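# Mind folding the following:
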Amino acid sequence: MFFEEKGYLEVETPFRIPAPAPEAQIDAIPSDGWFLQTSPELCMKRLLAAGYPRIFQICRCWRAGERGTRHLSEFTMLEWYRAQADYRVLMDETEELVRAAAGVDSISYRGTRIDLSLPWERITVRDAFQRYTDTTAEAALAAGTFDELMVEEIEPRLGIGRPTFIHDYPASCSALARLKSDDPSVAERFELYLGGLEIANAFSELIDPVEQRARFEAEAAQRARDGKHGYPMPEKFLAALAEMPEAAGIALGLDRLVMVLLDAQSIDEVVAFTTEEL
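As a prediction, this is how the structure comes out:
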């Protein structure tokens, strides 16, 4: 198996947790006073801190308010974490994984051929704004149009013809990622796109508990301003963070990857049941 050959240990963490990461844009589903996980990230990082250097799992995740042709509120996630590595190492590993899963050098998705042979495109967020919009990433953030331009102008153009890693996101868009040492205005974060569809999100991990707490508090404040449900602070995760080694982690949406590999028009085509069918 792909991960076993690379020395990864398969793990399993709880689905129901007392405190998810308080990210402003991701809403957890309450479950009897706790929450269904939006990602296994916090528990998996605690395992890294406990001394497990390479871990992965395939699990169910839940996010409120996410439903569409490319979204399900309950979905399957593949996450893996690797100590003593950064986000560029995971770019290489992700290329290997997707190529192995496809088993061919090219696929067709929504009428477009995607060449999976190397090298894959790698473009910074700043360069993507310069190429595909009439503004800069910094100006878009200041104007409050960053997310809108990403969704409407940039994302549909990524991964067309060949897969694209878009990387070095603004620091304010990366609540759990390490900032670049030579440019702290951006974080060591990337997303993978195939045929205009986001497949994975990854970053070099922030392991400073003081800075992480400050970022969580900022995200929690934004949630309050947006009128969203508040979460308890994940204290046990923050306590473990001081013991966590330098590492990188990635979350890959398996349902979406299957969509692309099978050239499915909707995510409904690749799951046995949708919410509406239950």
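# What distance do you get for Arg99 to Ala187?
Per CB to CB, to the nearest Å, Arg99 is found 26 Å from Ala187. Bear in mind the C-beta positions are built from the backbone N, C-alpha and C, glycine included.
# So the two - more neighbours on which side?
Taking other CB atoms under 10 Å, Arg99 and Ala187 do not tie; Ala187 has more neighbours (26 against 16).
# That one in helix, strand or coil?
Using DSSP: H, G, I helix; E, B strand; the rest coil, the structure places Ala187 in strand.
# Just the pLDDT for it.
Note on Ala187: pLDDT of 98.
# List the contacts of the residue nearest to it when sequence neighbours are not counted.
The shortest distance from Ala187 to any non-neighbouring residue, by CB to CB, 6 or more residues apart in numbering, is to Ser174 (3.4 Å). With contact taken as CB atoms under 8 Å, 6 or more residues apart in numbering, Ser174 is in contact with Ala187, Arg189, Phe203.
# Adding distance to Ala142, write those out as TSV.
Output for the contacts of Ser174, formatted as TSV (distance: CB to CB, whole Å):
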residue	distance to Ala142
Ala187	18
Arg189	20
Phe203	23
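# hey, what's the residue most central in space within the chain bridged with?
The residue lying closest to the centre of the chain (CA atoms, centre = their mean) is Asn201, at 2.5 Å. Counting by DSSP bridges, Asn201 forms beta bridges with Glu191, Ala251.
# Quick one: residues contacting it.
Each residue near Asn201 by CB under 8 Å, 6+ apart is listed here: Arg189, Phe190, Glu191, Ile250, Ala251.
# so what's the third one scoring on pLDDT?
Here the pLDDT value assigned to Glu191 is 98.
# Wait, it touches Phe203, no?
No - assessed by CB atoms under 8 Å, Glu191 is found out of contact with Phe203, at 9.6 Å.
# all strands in the stretch 51-200 of the chain, in order from the N-terminus.
Applying DSSP state E, counting those that start in this stretch to the stretch 51-200 of the chain gives strands spanning 54-62, 74-83, 106-109, 112-115, 121-124, 164-170, 179-180, 183-194, 197-204.
# now the angle from the second one to strand 54-62?
Meaning strand 74-83. Computed with axes from the mean of the first three to the mean of the last three CA atoms, to 10 degrees, the direction of strand 74-83 lies at 160 degrees from that of strand 54-62.
# returning to that earlier point: quick one: closest of the strands of the stretch 51-200 of the chain to Tyr132.
The minimum distance between Tyr132 and the strands of the stretch 51-200 of the chain falls on strand 121-124, with 9.7 Å, by CB to CB.
# same for the closest one, what does it pack against?
Strand 121-124 is packed against strand 164-170, with contacts defined by 3 or more CB pairs under 8 Å, 6 or more residues apart in numbering; DSSP states H and E.
# angle of the strand it packs on against strand 183-194?
Here strand 164-170 runs at an angle of 150 degrees relative to strand 183-194 (the same axes, to 10 degrees).
# Give the rounded mean pLDDT of strand 164-170.
Model confidence over strand 164-170, given as mean pLDDT, is 98.
# Put the alpha carbons of it into CSV.
Backbone C-alpha positions of strand 164-170 (Å, rounded to 0.1, in the frame of the first residue of the first chain) are rendered in CSV as follows:
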residue,chain,number,x,y,z
THR,A,164,-2.0,22.9,-10.3
PHE,A,165,-0.6,23.6,-6.8
ILE,A,166,-1.5,27.1,-5.8
HIS,A,167,0.7,28.0,-2.8
ASP,A,168,1.9,30.7,-0.4
TYR,A,169,-1.5,32.0,0.8
PRO,A,170,-1.8,35.3,2.7
